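Peer 1: Turn this into a structure:
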Amino acid sequence: MSQTIVDILDDKGRKVFSTGGDATVFDALQTMADNNVGALLVMSVGQVIGIFSERDYARKVLQEGFSSPETPVRTFMSSEIFYAKPDQTVEEALAIMTEKRCRHLPVLDNHELIGLVSIGDLVKATIAAKEFIISQLEDYIQGG
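Peer 2: You can find the predicted model right below:
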């Protein structure tokens, strides 16, 4: 049976780091560094309005020559957001990420934010599942 997104959240935790759209890029980068994460959800009145990632910073802020200490996050956040559902499989979520070219998926359960998964989380789970299968096959072959 394939792992689901809720399985990933149960393993990694459901804490989501966020910022407001009016926060500065500098403050957002500091929050990411303090929490060792590569992206923050951008929230307004309890709703996800965007995602701001290290990639947004590198590709939009730095390349366009803006000053991070003064620039609001909303200027450079990715506002097209794709979501995962708790019952989706890891493979389904990876397919969304591949098709939509995104690295993070907020997880919604009945329109309520319950977590965030990254491509790293999903790849890690996929590798662990494959390693488990290999181990089981080796035991079977060896008569264990």
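Peer 1: With residue 63 as the reference, measure out to residue 134.
Peer 2: 42 Å (Cβ to Cβ, to the nearest Å). In this view, the C-beta of every residue, glycine as well, is placed from N, C-alpha and C.
Peer 1: Model confidence for the closest residue to residue 82 other than its chain neighbours, exactly?
Peer 2: Nearest residue to residue 82, sequence neighbours excluded (Cβ to Cβ, 6 or more residues apart in numbering): residue 100, at 4.9 Å. Listed pLDDT for residue 100 reads 95.
Peer 1: Quick check: residue 100 touching residue 83?
Peer 2: No: counting by Cβ atoms under 8 Å, residue 100 stays clear of residue 83, with 10.5 Å between them.
Peer 1: Give me the phi and psi angles of the closest residue in space to residue 56 that isn't next to it in sequence.
Peer 2: Spatial nearest neighbour of residue 56, chain neighbours left out: residue 76 (5.1 Å); criterion: Cβ to Cβ, 6+ apart. Here is the backbone geometry of residue 76 (degrees, to the nearest 10): phi -120, psi 0.
Peer 1: Now for residue 76: which residues touch it?
Peer 2: 25, 52, 56, 57, 60, 61, 66 (Cβ atoms under 8 Å, 6 or more residues apart in numbering).
Peer 1: Next step: those residues restricted to strands.
Peer 2: Using DSSP state E, the members of the contacts of residue 76 that fall in strands are residue 52.
Peer 1: Just the contacts of residue 76: which are in helices?
Peer 2: Among the contacts of residue 76, the members found in helices (DSSP state H) are 25, 56.
Peer 1: Can you say which of the contacts of residue 76 are buried?
Peer 2: 25, 52, 56, 57, 60, 61 (16 or more other Cβ atoms under 10 Å).
Peer 1: I'd like the residues you listed as TSV, with distance to residue 110 and pLDDT appended.
Peer 2: Listed next are these as TSV, based on distance: Cβ to Cβ, whole Å; pLDDT from 0 to 100:
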residue	distance to residue 110	pLDDT
25	33	91
52	25	96
56	29	88
57	32	88
60	33	78
61	35	73
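Peer 1: Give the buried residues for stretch 69-77.
Peer 2: Quick answer for stretch 69-77 (16+ other Cβ under 10 Å): 71, 72, 73, 74, 76, 77.
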